[in-house]
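> okay, sequence plus prediction incoming.
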There are 4 protein chains.
Amino acid sequence: MPRRTIPRDKADDYTNENAARRRDFIREQTGADLSHVASYSLDPAILQGNIENFVGVAQVPIGVAGPLRINGEHARGDFFIPLATTEGTLVASYNRGMRLLTECGGVKTTVIEQFMQRAPVFIFDDAERARAFGQWVEAHFASIQQVAEATTRFGKLVNIHQFSIGPLRHLRFNYTTGDASGQNMVGRATLAACEWIKNNYPEAPRYVLSGNMDTDKKYSRINVLLTRGRRVVAEAVVGKEIVKEILGVDTKELFEVRQISTTGAFLAGSANNGSHASNGLAAMFIATGQDAADISESQAAITYSQLLENGDYYWSITLTSLIVGTRGGGTGLVTQKECLDMLGCYGPGKADKFAEICAAVALAGEMSLSGAVLHGDWVSSHDRLGRHHG
Amino acid sequence: MPRRTIPRDKADDYTNENAARRRDFIREQTGADLSHVASYSLDPAILQGNIENFVGVAQVPIGVAGPLRINGEHARGDFFIPLATTEGTLVASYNRGMRLLTECGGVKTTVIEQFMQRAPVFIFDDAERARAFGQWVEAHFASIQQVAEATTRFGKLVNIHQFSIGPLRHLRFNYTTGDASGQNMVGRATLAACEWIKNNYPEAPRYVLSGNMDTDKKYSRINVLLTRGRRVVAEAVVGKEIVKEILGVDTKELFEVRQISTTGAFLAGSANNGSHASNGLAAMFIATGQDAADISESQAAITYSQLLENGDYYWSITLTSLIVGTRGGGTGLVTQKECLDMLGCYGPGKADKFAEICAAVALAGEMSLSGAVLHGDWVSSHDRLGRHHG
Amino acid sequence: MPRRTIPRDKADDYTNENAARRRDFIREQTGADLSHVASYSLDPAILQGNIENFVGVAQVPIGVAGPLRINGEHARGDFFIPLATTEGTLVASYNRGMRLLTECGGVKTTVIEQFMQRAPVFIFDDAERARAFGQWVEAHFASIQQVAEATTRFGKLVNIHQFSIGPLRHLRFNYTTGDASGQNMVGRATLAACEWIKNNYPEAPRYVLSGNMDTDKKYSRINVLLTRGRRVVAEAVVGKEIVKEILGVDTKELFEVRQISTTGAFLAGSANNGSHASNGLAAMFIATGQDAADISESQAAITYSQLLENGDYYWSITLTSLIVGTRGGGTGLVTQKECLDMLGCYGPGKADKFAEICAAVALAGEMSLSGAVLHGDWVSSHDRLGRHHG
Amino acid sequence: MPRRTIPRDKADDYTNENAARRRDFIREQTGADLSHVASYSLDPAILQGNIENFVGVAQVPIGVAGPLRINGEHARGDFFIPLATTEGTLVASYNRGMRLLTECGGVKTTVIEQFMQRAPVFIFDDAERARAFGQWVEAHFASIQQVAEATTRFGKLVNIHQFSIGPLRHLRFNYTTGDASGQNMVGRATLAACEWIKNNYPEAPRYVLSGNMDTDKKYSRINVLLTRGRRVVAEAVVGKEIVKEILGVDTKELFEVRQISTTGAFLAGSANNGSHASNGLAAMFIATGQDAADISESQAAITYSQLLENGDYYWSITLTSLIVGTRGGGTGLVTQKECLDMLGCYGPGKADKFAEICAAVALAGEMSLSGAVLHGDWVSSHDRLGRHHG
């Protein structure tokens, strides 16, 4: 059977005509009508570097939630949050959490640190040689840094973590990458560094550009511990009364149940000891042109809370590996840029601000969902089951 | 400061007019122009149950890759895959993997099992009472099943896993949910079951509808072990020569490096011992109206491979917790339905087929990316660094 | 260089003379004086099945702690606990925790369940065949059970968990093993079952007796979730005043710090969200002839606690994979039996009782250590650093 | 009911008389005869700092295995290994692995690095203050180092890892501790450092001496990643023929099955992707006066192997958190010292050597056990089941 090839135009593939040709081809091959996919307002010419074999767009509904008051270092004020999702109640639920936070004076947000990684592995004949190599790398850090940073305007090599397994030496290059999420930037820089190492280290050691300790676009414990992307905290004290009013639950009970859910998360081996952060993050990522695959890493979170003497509730969420950017990637596409504009987060100098907003949204979701889960208990107590039959 | 409230129309909020009113409000509040967000072809009236505070859509570019030949139980034939992404090279990379697989005769795919969970926790005075309760639940499974299943046409309660921590008894209800991803369905069914249990168990025990052992929309070890959504395998034997031709690498070397990358993944505590599955899955999820937050769970994968005597390469990927549906959620929205149509996967009876396609795509990505990482090594060997400077 | 061979007597190696011959040989080869190693009161003739190349004994000091009041199902009364250790303060610290618990009325203990595993893996050509095999295994469980149980007087096959990876089907056989820890028993039974399966399943599938999902003598998440050995809970309410008196700390503060330490454990990816259980368990294991290698699994624990309205503290520890026995292994050796006798735990029908005592001891240690760590804080507050310089 | 108190002599408790008094008391209370426990050759006077409430000793049988040829940096030559255990076949199995390794020319061993930790947590009002504190700690590292090192002759503070969760700042102090395992040493040093910090940092922040990120005497991912105790590698190339002869298996098959067992370990969430290291380590620990509770951490291992062109097998094991010492703890007790003498490892300057021997033993066990598991397969193939019925 002859391969049916998707039409491409090597000269200039990013045109409406070529998109239409491909839609025709797909329609022919599969019978699918792609007329809605064809309804887009963007100019295909801008898509180079974002997509190949462009045929049109997915229209993902956007709802807005807010205002969410944030008292961060970078994000300050009341924000309206664009959430692109197809899951009913998501916007409403986050909205409720935002109301709670805003009425309590807002969320405090802090970016703790930022690192993006590429982690090549160097292969030796034995462990001793691998260890000696590691010492050499440490001693030559300044040169390696210079070589790596020469490939990029924004990437800065902060340090190199080293991990030994048998005859292997994994080097985890930690960069700051400014306002880009930076995966490509650090890949290029690390390749240059590896080539320099190979050319300068006596044994000219063999290496592979990733030994799987980066770890890119997948959840890992190392990312949670050592940060990938940004480590961001959102925290707030919410009043006992207002929690009762908005979430319908008692803070004391909330705290009691928290003891249960954190042990559940511990036993389950979860990426988050709270409820989950992915609903809000995924919706923001799609709306603002982030890489949705990075939900894999960005979902990881640690909630930490205390019940205060007066019954108020201190609540924090730490996103340990939030991968976001306000430059590059999909951030400049038409609707994506508009959504970043809603947050005042488009372009250079905005990534920390955007990260703070993400964390604040995650905290809003955590509160709202925690309340809802517990409220299920109250529902059960009060025999209002019917309302849920919907 | 008075709260600025997002306009809503309690009578009928799902209209173009109300979306426009909200855009006006947001523009006023934030200065963001939302004219592209406003460029949509869907009818807001259909969005009830998918979004609140609708203002327009995110336009996420779709590229197509393929054909990908699949020899599954449910998916059979050559498929063109819609990938909604803003990450350059993603479509091209998956396309390359698909070409490799198709030229080798295609991917074999198998859905191993399907489970969707809700995991309430029952709270007792001590561990002995919790244990006695667990035995009672086991003895009354048939009744519980009947009550749970009465709330849903499609959900079937298969079994209940039990986990004891101190005085707590976590019950993990495992359902099959047909062609819907089923989170809401199993929530409703489990609430009914819990109420029945509470009314029938002598102590009328207190419970919370989730004790965090479900675990919803977050990666967890328990999901990887015991399956959440679908456990699907894609596997293929790819020929030594064709791997060399398409990926530019030697299968023997690929296998050697695999020994390295799997130990790296093990040390890092990763959700996937291969490269990553999230790029392709996220792009398919957005295109086809899946819940993008479920990338958190769906990313988990185990690759298993063997180098055959003749140098060919047996390669498999097992997605352990793939959450997908072809009914409900966002699957019926306009572009989403068109993309499901491209795959012949819209509606009832199609979820297994769609899951098989997802796994096949993941395998294509795994191959292509593994080749690319290793090729970095060759690049380094051959001093072709410049080509990557781009 | 000729191999120097350790002397062995094939006819009857378990004599004082042969032990002496080997000590002479070792002394010759290494210069080590083994006169204390030679000071033992046991009869080497009983060591067959416990050791090879016997040369003498390690003398591990035993201290006693207690009384520890236990109100269990199997363990009831006040116990004195033999702890074999060389770590100063261990006995004293556990003793303190026991005093606290005993003064508060004792510990309640409950064995939740017992399972010992062997987990062979069956290898197929593809995932579909592996899945079909799994269904066959389920359908033939009764026969498999009969074959497995025919090899052992005490082992009972409860169920078989199945896990699919690619073309592999891991079967995790779960047995109860009475009063023996049972690793050998279940190995033999599972081998018989596998042979039967191989002879009866049409494809005569290849298998390996362990696919590493048992998981024997190493910590694993699967053991923590699904129990290996015994899952045992110890729990108590300790009074605010008595905690202050004995541990020198406030229960409110203890609970506040607990919120911190559980998030620390979660972030670190620990086997125990409390302090640690291994000190006491290791010391009991050595004293009573348990397999000390099983500390690997037995250390895993989940503490769960609540601060009560009146300031009293509910505290529980759940050992999820406690591997112990009161028959077989080293339990019948001379000092080991004496130590089991101290607990009334030697021989048949005693393993549940012994497991309960282990959990109670672990709880005593958790309390004492938690107090000590926190007291460090108080120390720091009160500038009593000198006392610690010791 | 009056508390029955274990007799103690505050003036001088470490005498045979007081041990006898306690044995009488225990005999009275429990009926246990402790005559074998009383058969010891050590002088109780030396036990101060090792045990409290001494009553006698556990006699743990010691078998010897070897010779094991090691070509390490610190351990060089043929060693006979003392193994204290009550588990039959353990000595024989390790002995087999040692024969294999020795006949192949021996094991190469390398200590990669050494760190012992104490990890206090400092508590702030919010995340921003916690972050600022972290920067201050970094800037004042030299002073902190000086204060910490002033408390100890052997401990050297290498660096401080920092981890942020909400308003908390975990500081993980990494020390080298010479030839002692060093837990107490680093506790004392860190307490001094914390007090200095508290007195010098403007806010006089509250802290707890451990925030559970150390993590002491329990398995954790952080220890595996960042090393606790020593990270040691043992590696060897074993010949195809000799493996066949001694283990009865084919290296090709061994390697094939290894692909299976590493995925099993990955899925199970194991502390070791190989078989297990704890049998040999526990037996050595008990024989040589190590802290047996540290088996919890020391069991963690990563095996990495490659099948060479000629069919020979490269095999390595990396112990990531081996906690051992040759000074202090139980190393000076009578039989324990004798066993260290067998290895030429007693006293100052010997801990690296001892660590290398531990790793070599672990590799021997890994090989022997891997062979045995696979041989089970052959057993099954050749219907020699009867031999295992024993």
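Yes, it's here. Please read these numbers as outputs of a predicted model, since none were measured by experiment.
> the nearest residue to A:Phe154 once chain neighbours are set aside and C:Tyr313, how far apart?
The shortest distance from A:Phe154 to any non-neighbouring residue, by C-beta to C-beta, 6 or more residues apart in numbering or on different chains, is to A:Gly178 (3.8 Å). C-beta here means a position set from N, CA and C on the backbone, and glycine is covered the same way. Computed with C-beta to C-beta, to the nearest Å, the distance linking A:Gly178 and C:Tyr313 is 49 Å.
> secondary structure element for A:Val249?
Assigned by DSSP states H and E, A:Val249 falls within no helix or strand.
> so what's it up against?
Neighbour list for A:Val249: A:Val243, A:Gly371, A:Leu374, A:His375, A:Trp378 [criterion: C-beta atoms under 8 Å, 6 or more residues apart in numbering or on different chains].
> just the buried residues out of those residues, in ChimeraX syntax.
Listed next is the ChimeraX selection for buried residues among the contacts of A:Val249, using 16 or more other C-beta atoms under 10 Å in any protein chain shown:
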select /A:243,371,374,375
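> mind listing what A:Gly77 touches?
Contacts for A:Gly77 (C-beta under 8 Å, 6+ apart) come out as A:Arg69, A:Ile70.
> so it, which state does it fall into?
Following DSSP: H, G, I helix; E, B strand; the rest coil, A:Gly77 is assigned to strand.
> ok, A:Lys217 next?
Of the three states, A:Lys217 takes coil under three-state DSSP.
> please compute how far the helix ranked longest in chain A lies from its chain's middle.
When secondary structure is assigned using DSSP state H, the longest helix within chain A turns out to be helix A:351-381. Computed by C-alpha atoms, centre = their mean, to the nearest Å, the chain-centroid distance of helix A:351-381 equals 17 Å.
> same question for stretch A:323-335.
Its chain's C-alpha centre and that of stretch A:323-335 lie 13 Å apart, by C-alpha atoms, centre = their mean.
> who's in contact with the one residue in the stretch 1-150 of chain A that gets nearest to chain B?
As assessed by C-beta to the nearest C-beta, chain B sits closest to A:Thr86 within the stretch 1-150 of chain A, at 2.6 Å. Residues in contact with A:Thr86 (C-beta under 8 Å, 6+ apart) are A:Val60, A:Pro61, B:Asn50, B:Ile51, B:Gly289, B:Asp291, B:Gly329, B:Gly330, B:Leu333, B:Gln336.
> tally of neighbours for the residue nearest to it when sequence neighbours are not counted?
Nearest residue to A:Thr86, sequence neighbours excluded (C-beta to C-beta, 6+ apart): B:Gly330, at 2.6 Å. For B:Gly330, the count of nearby residues is 27 (other C-beta atoms under 10 Å in any protein chain shown).
> and for the one 10 residues further on?
Neighbours of B:Leu340 under the rule other C-beta under 10 Å: 23.
> and it, which of the three is it?
Recorded secondary structure, B:Leu340: helix (three-state DSSP).
> quick check, the helix or strand where A:Arg23 lies touching chain B?
A:Arg23 is part of helix A:16-30 when elements are defined by DSSP H and E. Yes. Counting by C-beta under 8 Å from any C-beta of the partner chain, contacts between helix A:16-30 and chain B involve A:Arg22, A:Ile26, A:Gln29, A:Thr30.
> what residues does the second one make contact with?
So the one you mean is A:Ile26. A:Ile6, A:Ala32, A:Leu34, A:Val55, B:Val64, B:Phe80, B:Met342.
> look up how far A:Gly264 lies from the closest residue to A:Leu225 other than its chain neighbours.
Among residues not flanking A:Leu225 along the chain, D:Ile222 sits closest, at 6.0 Å (C-beta to C-beta, 6+ apart). To A:Gly264, D:Ile222 is 22 Å away according to C-beta to C-beta.
> identify each buried residue in stretch A:6-13, please.
Those would be A:Ile6, A:Asp13, for stretch A:6-13 by 16+ other C-beta under 10 Å.
> just for the stretch 251-390 of chain A, where's the confidence low?
Applying pLDDT under 70 to the stretch 251-390 of chain A flags residues A:376-390.
> tell me where it has strands.
Here the stretch 251-390 of chain A has its strands, by DSSP state E, counting those that start in this stretch, at A:301-307, A:313-322.
> got a list of what the residue lying closest to A:Leu101 once chain neighbours are set aside touches?
Among residues not flanking A:Leu101 along the chain, A:Val107 sits closest, at 5.1 Å (C-beta to C-beta, 6+ apart). A:Val107 makes contact with A:68-72, A:101, A:234-236, A:359-360, A:363-364, according to C-beta under 8 Å, 6+ apart.
> ok, those vs B:Ile317, which is closest?
In terms of C-beta to C-beta, no member of the contacts of A:Val107 lies closer to B:Ile317 than A:Ala359, at 32.8 Å.
> against D:Glu235, how distant is A:Phe124?
Distance of A:Phe124 to D:Glu235, computed by C-beta to C-beta: 11 Å.
> actually, A:Asn310.
Taking C-beta to C-beta as the measure, A:Asn310 falls 60 Å from D:Glu235.
> which of the two has more neighbours?
Between A:Asn310 and D:Glu235, D:Glu235 has the larger neighbour count (other C-beta under 10 Å), namely 24 against 9.
> how big is the angle separating the helix or strand that the more buried one is a member of from helix D:351-382?
In this structure, D:Glu235 sits in strand D:229-238 according to DSSP H and E. Put simply, strand D:229-238 runs at 50 degrees to helix D:351-382, going by axes from the mean of the first three to the mean of the last three C-alpha atoms, to 10 degrees.
> which residues of the stretch 151-300 of chain A lie near chain C?
A:221, A:224-225, A:256, A:259-260, A:262-263, A:265-269, A:273.
> show me where the stretch 151-300 of chain A has helices.
For the stretch 151-300 of chain A, helices defined by DSSP state H, counting those that start in this stretch occupy the ranges A:183-200, A:221-226, A:240-247, A:251-268, A:278-288, A:295-298.
> what parts of the stretch 1-150 of chain A come near chain D?
Residues of the stretch 1-150 of chain A lying near chain D (C-beta under 8 Å from any C-beta): A:Glu73, A:Lys108, A:Thr110, A:Ile112, A:Glu113, A:Asp126, A:Ala127, A:Glu128, A:Arg131.
> keep only those of these that are in strands.
Within the residues of the stretch 1-150 of chain A next to chain D, residues falling in strands by DSSP state E are A:Lys108, A:Thr110, A:Ile112, A:Glu113.
> most surrounded residue in those?
Using other C-beta under 10 Å as the neighbour criterion, A:Thr110 leads these with 28 neighbours.
> that residue and D:Phe124 touch, don't they?
No. Contact criterion C-beta atoms under 8 Å: A:Thr110 and D:Phe124 do not qualify, at 10.9 Å.
> surely A:Arg221 and B:Phe266 touch.
No. With contact defined as C-beta under 8 Å, A:Arg221 does not count as touching B:Phe266 (10.7 Å).
> what about A:Gln146, how many residues nearby?
Other residues near A:Gln146 come to 12 when the count uses other C-beta under 10 Å.
> now do the same for it: helix, strand or coil?
Look at A:Gln146: counting by three-state DSSP, its state is helix.
> what distance do you get for it to A:Tyr175?
Taking C-beta to C-beta as the measure, A:Gln146 falls 14 Å from A:Tyr175.
> how far away is A:Gln135 from A:Tyr201?
According to C-beta to C-beta, A:Gln135 stands 11 Å off from A:Tyr201.
> also A:Ile112?
Separation of A:Ile112 from A:Tyr201 (C-beta to C-beta) stands at 34 Å.
> likewise for A:Met213?
Separation of A:Met213 from A:Tyr201 (C-beta to C-beta): 20 Å.
> between these two, who's got more neighbours?
Neighbours per residue, other C-beta under 10 Å: of A:Met213 and A:Tyr201, the larger number sits with A:Met213, 27 against 15.
> my guess is that one contacts A:Phe163. True?
Yes. Counting by C-beta under 8 Å, A:Met213 does reach A:Phe163; the two are 6.2 Å apart.
> which neighbours do those two have in common?
By C-beta under 8 Å, 6+ apart, A:Met213 and A:Phe163 have these common neighbours: A:His170, A:Arg172, B:Leu267.
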